[in-house]
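*Asks:* Structure for this input, please:
(chains A, B, C, D, E and F, ligands or ions: 6)
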Amino acid sequence: MQTHEARRVEIIIEAPMERRLAEALTGAGVTGFTVLPVLGGSGRSGQWSREGQVGRSGMVAVICIVRPERVDALLEAAFRVVERHIGVVSVTPCAVLRAERF
Amino acid sequence: MQTHEARRVEIIIEAPMERRLAEALTGAGVTGFTVLPVLGGSGRSGQWSREGQVGRSGMVAVICIVRPERVDALLEAAFRVVERHIGVVSVTPCAVLRAERF
Amino acid sequence: MQTHEARRVEIIIEAPMERRLAEALTGAGVTGFTVLPVLGGSGRSGQWSREGQVGRSGMVAVICIVRPERVDALLEAAFRVVERHIGVVSVTPCAVLRAERF
Amino acid sequence: MDGILELARQNLISPIILSFALGFAAALLRSDLSVPEAAAKALSIYLLFAIGFKGGVSVASHGIDATLLASLLAGVVLSLLLPFAGFALLGAMTRLPVTDRAAVAAHYGSISIVTFVAASSVLSTQGIAAEGYMVAVAAAMEAPAILSALWLVARAGGHREIDRDLWREILLNGSIVLLVGAFLIGLATGEPGFSRIASFIDAPFQGVLCLFLLDMGLVAGRGLLRTRAVLAPGVLGFGVVMPMLGAAAGLGTALLLGLSTGGAMLLMALCASASYIAVPAAMRVALPDANPAVSLTLALGITFPFNLTLGLPIYLAAAGWATGG
Amino acid sequence: MDGILELARQNLISPIILSFALGFAAALLRSDLSVPEAAAKALSIYLLFAIGFKGGVSVASHGIDATLLASLLAGVVLSLLLPFAGFALLGAMTRLPVTDRAAVAAHYGSISIVTFVAASSVLSTQGIAAEGYMVAVAAAMEAPAILSALWLVARAGGHREIDRDLWREILLNGSIVLLVGAFLIGLATGEPGFSRIASFIDAPFQGVLCLFLLDMGLVAGRGLLRTRAVLAPGVLGFGVVMPMLGAAAGLGTALLLGLSTGGAMLLMALCASASYIAVPAAMRVALPDANPAVSLTLALGITFPFNLTLGLPIYLAAAGWATGG
Amino acid sequence: MDGILELARQNLISPIILSFALGFAAALLRSDLSVPEAAAKALSIYLLFAIGFKGGVSVASHGIDATLLASLLAGVVLSLLLPFAGFALLGAMTRLPVTDRAAVAAHYGSISIVTFVAASSVLSTQGIAAEGYMVAVAAAMEAPAILSALWLVARAGGHREIDRDLWREILLNGSIVLLVGAFLIGLATGEPGFSRIASFIDAPFQGVLCLFLLDMGLVAGRGLLRTRAVLAPGVLGFGVVMPMLGAAAGLGTALLLGLSTGGAMLLMALCASASYIAVPAAMRVALPDANPAVSLTLALGITFPFNLTLGLPIYLAAAGWATGG
Ligand SMILES: Nc1ncnc2c1ncn2[C@@H]1O[C@H](COP(=O)(O)O)[C@@H](O)[C@H]1O
Ligand SMILES: Nc1ncnc2c1ncn2[C@@H]1O[C@H](COP(=O)(O)O)[C@@H](O)[C@H]1O
Ligand SMILES: Nc1ncnc2c1ncn2[C@@H]1O[C@H](COP(=O)(O)O)[C@@H](O)[C@H]1O
Ligand code: NA
Ligand code: NA
Ligand code: NA
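*Replies:* Ligands and ions are numbered 1, 2, ... in the order given. As a prediction, this is how the structure comes out:
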């Protein structure tokens, strides 16, 4: 099948920052993203789990598939949001179907 | 460790289409896949979130790890299902342990 | 933006083995990981779904972003845990922001 | 007229309506208040089970009314025909493309079980009885509208075949199966069965409904915020005109069937309400080009609150007047 | 015999059994009806808490029976020994590999708390009392069977060491801790504590059980559909023969202990039932080569419905006859 | 003194406290018992809705007390000032960095609604009435402390601007909106509204609280296990000293306001308790450098159990003595 080069950016970020990240991404011209729930994890600030939690706690994983030329704008927007916060940003090269959507 | 070349295909698709996608993948000889829940997202058809929803709404993310030579059959099968639907298909090169499983 | 080479390791493993995997990863010097819930899937042992389940059943997806030089230690640790169990381990090259965190 | 206003006032200050208003207001104020998806689904399972069961018990104790079968059939016919009215009305009032018009029409031909529940609770507050089998009529009206919508699209050139899987998804949709199944269980176990679980399905019912309506208010309010852009005045107008039209059709049918005042009001509420559980999922599969935001926001953000606040008192007054109850 | 049939009939048309049947049928019809995982877990937490608490309150008010300790010990021994019977029976009836036989045997040595709850509710419908501490016996029987299964595999050459983590996971499994903890809370607070929360843990109990059984019906039905292939006739037969054998062992032990009719029936139900919460997770850790689908489908798809529909009336009749109750 | 001890004893063997203890013990024993996130959130929605509604109904039937506004204002002032006391105390007792001290102080200036609920239930067990509007005071005290914490950090050089979004998140936090909204619904519908949903929000309340406290025990216990390392003795000490100090401030204010014994005790409980819902999320946004584990473990692992077991009886005794009740 005809595929097109793209980038998969995965941002694992604190749930209370999700809305700010979404706004930053939209501001940076990202046409779409998907938010996955996170059950728990471990990092320098220790281990945590969502079990039994009541508040808007924990983290979420935000996945954006973008054209290669948009990655830099996206990363800069994302970085401004995560900068002072805990979170992980990774970029993977990928190929997509239906490039006109990105 | 001994690893083997493979492809990670990620299909973000509307939840009501999940069963049809599963059948198409099985039909295309895919030996396994994993379905992750999706909390929400944003795209050309606007923003959405699963919070408080009652019906079989929203999207899911389906991950298939396959041998490189199977990718084309998989993409064709997946494409027939997502074609007229909203959804995102991406392919990333990866390496796997235990290649005999794929 | 300044990015750094890294690896994204994704381990799909049975939920009852999650704690053992976490301990093995920590033992192998992995500084962080994130656990995503899994809704269902299909493999050689058949299809399954988490819907309506009561026990600690099903699978989870564990994501670790690590420096390239740590991948081997990680894979060996992970392999000792998944070895006799069902589960899938894949490694994808990626780039990360804030390399000092990994 | 005074009667309607007094009824509307009483209706408006009930905990149920105010809970919906609270959710709606919280969403419009962009509060982060939210009900987890699993909790919302659990509440809806409870409501469907309870309402189905109580309907079955009622039929078991009052006996199967002669009009039961006629009412079921009438429900199917209404569900099949209302989409045509809706489709035509949308053509007149809006510039929506054909597929969107068909999808919206399917939602309005089908029913909203929570509107039905709210109507039942208005009746029980007023001490008015209704035919227990109206629950079965509600179940019968869920699916047929979908077929009409597909036929409308096919006629307009966008042929869609309904494969076996889609048939099953439509007819064995979870909410239909649960409603019908609980109805049959109620029918089989009757009063003795009811008394064993009444303190679960009856006593807390109104309270559970409050929490469910809180959630629906949140979802409706958020939906409205997100899709303001696509909702032209004509589309919004449809969300109020169509339920009135549906209610009129329901009233006419109720008179033909000889239903009681309560039964007539319930049938009006069913015709006036729009689906937001079974039909949306079916539309995503069958008419993927239709914009889901339009139907859902109309059904949940306009028509549902309209019915809940003004519609139900009007329908009750009209039913009372027409049946001479 | 007539008594059993009448009891079976009464039992079959209870809302509880019919709810299970509804879920089962919905699954076999491939309806998309489903209970969210979080809701199913919440229901099971409620049931474990309520049943444990009520057991504790009952012991608090009737005093600690002389046979309490003996019954606990008997439960542990039964749970340890039944897997050997199950393992041998599987060897005779099926061609399952050793590890699968051991895993299945562990499930049947352990217990199903919902079967216990259903048995209690048959008793309370019939107005038959039972020893309150049977809940504690249920908790005591959850884990020992796992050890027997591991020993059986080790004997067959597949040595497995039980590390400290596994010990903890087995003995402090969530359902055991909740059941025992609630029992102790009930014991400590007694009737005054019970009266404070009775309208939560007692009044709605039967209704909550209906929804839980609806979910179990769905899970059991889907499990059967998915694993039809692996279930040979011998395996299916085991799912009916083994509970009868377990019930017989339970009845014998109950007579030795001098339990009441109700207590004997509960012990039979415990022995006859198979675990689907605690044991499956332990087996995944300890015996990863065993096919989880076999055990779960047998326990949930064959033995649970058998016990629920035919088993319980038979056990009650047998217990009544043997204890002269 | 004997009165306090007897009260403490009675309090300790209530199902509520024992449920918390069960969860706490299960966590420390590393059992895998857990309540799904969605279920825990659903329980908290139920509790907030019920407590708010009942407060509103109580105000509707007793009329708006002259001290209502004064109490609301006093609550805001207490919530603004307590963080300064907390910040200073942390400076004296611990070596925590400024940002952590400010974040912890914000938690203690705000309130824990479950502590409030537990205090109410101690009062109702003792048959002591309290002002219904204390629920509104609780809501008023949730947010102001956050502002003080941000001011404290700003003064120390770590300037933080509060953007519009943050303002909204703080003031329209889900738990505040639900509590205030349910209060207003209760106020509007009064006794008639209450009687319609009492069997949902009143009868099962204590039981639901048990399950919620079971969950809180699990979360608190796991939190303690995970963050043992960061909790120096001074930090732990703060978790007991600060609530006593807060309670004293609350008592003084209650006397100034002329509250009843019950009202005084509730205000003490509010001042003595620390937030674990609204404030943590706000702190993650506004003070990301603060270690969330410190605040949460202190609030949930030390102060909450202290208040629940020893604090509440002490506060009630002190309130009774000071108000002459
Ligand atoms: N290397 C990593 N790979 C994947 N997730 C990570 C990694 N490091 C941190 N995380 C996630 O980010 C959270 C916060 O990390 P930290 O700031 O290191 O405490 C963790 O709890 C994990 O969920
Ligand atoms: N570029 C993208 N990256 C990740 N997810 C996307 C992307 N575009 C769309 N999606 C997901 O697909 C859904 C539908 O997209 P759309 O058809 O563009 O409205 C969105 O709500 C997202 O969940
Ligand atoms: N190729 C694959 N890609 C993604 N997930 C897989 C794959 N194979 C197996 N899985 C996951 O691992 C589980 C067990 O696989 P198996 O051991 O093959 O039965 C499946 O149910 C899937 O969730
Ligand atoms: Na309708
Ligand atoms: Na057994
Ligand atoms: Na406080």
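*Asks:* so where's the stretch 51-200 of chain D shaky on pLDDT?
*Replies:* The stretch 51-200 of chain D contains residues with pLDDT under 70 at D:158-160.
*Asks:* Would you map the helices across it?
*Replies:* For the stretch 51-200 of chain D, the helices defined by DSSP state H, counting those that start in this stretch cover D:68-93, D:98-109, D:113-125, D:134-142, D:144-155, D:164-171, D:174-201.
*Asks:* The second one near chain B anywhere?
*Replies:* Translated: helix D:98-109. No - Helix D:98-109 does not reach chain B (Cβ under 8 Å from any Cβ of the partner chain); its nearest approach is 11.1 Å. C-beta coordinates here come from the backbone N, C-alpha and C atoms, glycine included.
*Asks:* So which elements touch that helix?
*Replies:* helix D:68-93, helix D:144-155, helix D:233-257, helix D:278-286, helix D:292-296 (3 or more Cβ pairs under 8 Å, 6 or more residues apart in numbering or on different chains; DSSP states H and E).
*Asks:* Now with 10 Å, please.
*Replies:* Other helices and strands packing on helix D:98-109, by 3 or more Cβ pairs under 10 Å, 6 or more residues apart in numbering or on different chains; DSSP states H and E, are helix D:68-93, helix D:144-155, helix D:233-257, helix D:261-272, helix D:278-286, helix D:292-296.
*Asks:* Let me have those helices in TSV, adding mean neighbour count and distance to E:V59 as columns.
*Replies:* Shown next, in TSV, are the helices and strands packed on helix D:98-109 (neighbours: other Cβ atoms under 10 Å in any protein chain shown; distance: least, Cβ to Cβ, whole Å):
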stretch	mean neighbour count	distance to E:V59
helix D:68-93	19	50
helix D:144-155	23	56
helix D:233-257	20	57
helix D:261-272	29	49
helix D:278-286	25	48
helix D:292-296	23	53
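*Asks:* is it true that A:G40 touches C:G32?
*Replies:* No - using Cβ atoms under 10 Å, A:G40 is not in contact with C:G32, being 11.7 Å away.
*Asks:* show me the residues around D:P15 that make contact.
*Replies:* Taking Cβ atoms under 10 Å, 6 or more residues apart in numbering or on different chains as the contact definition, D:P15 lies against D:22, D:206-207, D:209-210, D:213, F:49, F:53, F:57, F:182, F:185-186, F:188-189, F:192-194, F:196-197, F:200-201.
*Asks:* Quick check: neighbours shared by A:G40 and C:G32?
*Replies:* Taking Cβ under 10 Å, 6+ apart as the criterion, A:G40 and C:G32 both touch A:Q47.
*Asks:* What residue in chain A comes nearest to ligand 5?
*Replies:* Residue of chain A nearest ligand 5, by Cβ to the ion: A:E51 (29.1 Å).
*Asks:* circling back: closest one to F:G311 among the helices and strands packed on helix D:98-109?
*Replies:* Closest approach to F:G311 among these is made by helix D:292-296 (47.9 Å; Cβ to Cβ).
*Asks:* on that earlier part again, if any of the contacts of D:P15 are buried, put those into a ChimeraX selection.
*Replies:* Here is the ChimeraX command that selects the buried residues among the contacts of D:P15 (16 or more other Cβ atoms under 10 Å in any protein chain shown):
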select /D:22,206,207,209,210,213 /F:49,53,57,182,185,186,188,189,193,194,196,197,200,201
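*Asks:* Within range of chain E, give me the residues from the stretch 51-200 of chain D.
*Replies:* Neighbours of chain E within the stretch 51-200 of chain D, by Cβ under 10 Å from any Cβ of the partner chain: D:52-53, D:57, D:165, D:168-169, D:171-178, D:180-182, D:184-186, D:188-190, D:192-200.
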